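Peer 1: need a 3D model of the following:
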Amino acid sequence: MTTTSTTYDPASTAASLAKAYTDGRQTLLAKQTSDAQATVTALGKLQSALSSFDSALLGLSSKANVLAQSATFSDASIGSATASPGAAAGNYGFFVEQLATASQVAYAGVAAAPAASQGTLAVDFAGGASFAVDLAAGDLDHDGVLSTTELASAINHAAGNGGLVTAAVVTVNGASQLLLTSTATGSANGVSLDTSAVAAGALKTALDNGNTLAAAKDAIVWLGAQGTGLRMQQASNTFTSVAGLSVTFAKAMAGGAAPATLAVATDGASTADNVRAFVSAWNTLNSALNALTDSGDASSNVAPAVLAEDSGVRALRDRLAAVAREQVGGIALTNYGVTGNRDGSLSLDANRLQARLAVDPDGLATVFGSTRTGAKSGVLGDLDTLLGAWTNPAGGQIAKRRDSVVKLQQELAVRQTALDNQYNAAYQRYLAQFSALQALQSRMGQTQNMFDALFSSSKD
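Peer 2: A predicted model of the protein is given here:
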């Protein structure tokens, strides 16, 4: 008698049956996990795109305004100037009578002197400031002698100095001299030494006989002609007396010379660059949003993007477009050549921009506005507010969504662990069953072989 039995591996059979037992739930769980991770990735890309756009807006706002003003001297050697949007266009005449200068005094014959007996040196300024220098403490190498170099160091590191004056050692014809230079310009910063508390001797004599290399002076500038214009005097060579202008003078003018003309006007080229920067930043954001919300193409087997059906992101796109179209004081970006396209991008008509700037430059500043905290206005201000509602790490829309997805991922991880445990339990159960069946089949085979051998012998 001959019988046949199925040959199988208990381990692989158990694995196949356990997989079949959990396969449906594993497929669903894997898709949910993959979708959750894809959502986290998409939210990260959205955060990056919105933050980059907001940074571009802040960059434009940091220039004070998209509208750029130029300020150019008729004689560039006289100085330089910058103009903010608040500067009134026109020509300004300046006569530079005197530049502000820093005080500089040299002291010759400052020979090494016994440190311990020298006393205290006072450094005084014409405006009333003063600080003390302990000469005994200046002996850095503790040899009992105060050298010129140690004296300079003592002045520089004196507690009351704070950068008011710099002391240096210069060598002229083989002899060292102490050189004091005030940090700030202006007559109030004229420097001198008070040696009344310094011990009599060669050091005191040397410090009492300074050689003024440069006198401290205020800048004197006339708005208009010298003698008949408006006289302006101050310690610095940079003047901000005219609203919106910062003018730094570099050269004094000869008496009786005609004032130098500073022409202030709208800088069409720089303004166009600023507007192009806005359009470029917008289009970069638009491209990112298009990719994140792409509806796909079934005919080409292209799946929809993760955020294709996200109503919140669609609402964000609609709101962004609405802000770009809004009017501020009856003026819109379209008036300055910035128009929208069907795909959500923007385009700039440079000719239209320049034509509008020629008749109403201030309108551009008004419609773009500012992102400055406490003074947000115009398109930039509204965009910054909208973007902040999404990108704010503490309660913004993206942060809330990411927290929700992370919570889901944690729940999915727990479910995956439970499913893995179910698989393992099923595998062990099936493995035990089929291992026992295999053992039974083995015993039955042995019994069959015994009977086959027995009956075969009987026939013989």
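
Peer 1: got the buried residues for stretch 79-98?
Peer 2: 79, 81, 83-85, 87, 92, 94-97 (16 or more other CB atoms under 10 Å). C-beta coordinates here come from the backbone N, C-alpha and C atoms, glycine included.

Peer 1: roughly how far is that stretch from the heart of the chain?
Peer 2: 31 Å (CA atoms, centre = their mean, to the nearest Å).

Peer 1: same question for stretch 188-208.
Peer 2: With CA atoms, centre = their mean, you get 49 Å for stretch 188-208.

Peer 1: which outside residues touch that stretch?
Peer 2: Here stretch 188-208 makes contact (CB atoms under 8 Å, 6 or more residues apart in numbering) with 102-103, 105, 107-111, 113, 117-128, 130, 135, 146, 164-165, 178, 180-183, 210, 215-216, 235.

Peer 1: re the thing from before, and the least confident of the buried residues of stretch 79-98?
Peer 2: Among the buried residues of stretch 79-98, residue 85 carries the lowest pLDDT, at 72.

Peer 1: coming back round to it: which among the contacts of stretch 188-208 count as buried?
Peer 2: Buried among those by 16+ other CB under 10 Å: 102-103, 105, 107, 110, 113, 118-123, 125, 135, 146, 164-165, 178, 180-182, 210, 216, 235.

Peer 1: strand partners of the lowest-mean-pLDDT helix or strand in the chain, parallel vs antiparallel please.
Peer 2: Least confident element among the helices and strands of the chain, by mean pLDDT, DSSP states H and E: strand 113-114 (a mean of 72). Applying DSSP bridges, strand 113-114 is found paired with strand 145-146 (antiparallel).

Peer 1: show me what the helix or strand that comes right after the strand it pairs with is packed up against.
Peer 2: The first helix or strand that comes after strand 145-146 along the chain, using DSSP states H and E, is helix 148-156. With contacts taken as 3 or more CB pairs under 8 Å, 6 or more residues apart in numbering; DSSP states H and E, helix 148-156 sits against strand 130-134, strand 165-172, strand 175-185.

Peer 1: what's the most buried one of the ones you listed?
Peer 2: With neighbours defined as mean count of other CB atoms under 10 Å, those peak in mean count at strand 175-185, which reaches a mean of 19.

Peer 1: tell me which strands that one pairs with, and in which orientation.
Peer 2: Strand 175-185 sits in its sheet next to strand 102-108 (antiparallel), strand 165-172 (antiparallel), going by DSSP bridges.

Peer 1: helix 148-156 and the shortest one, what's the angle between them?
Peer 2: Looking back up the chat, that one is strand 102-108. 150 degrees (axes from the mean of the first three to the mean of the last three CA atoms, to 10 degrees).

Peer 1: could you give the separation of strand 102-108 from the chain centroid?
Peer 2: Put simply, strand 102-108 sits 43 Å off its chain's centre (CA atoms, centre = their mean).

Peer 1: farthest-apart pair in the buried residues of stretch 79-98, please.
Peer 2: Largest separation among the buried residues of stretch 79-98 by CB to CB: 85 and 97, giving 30.4 Å.
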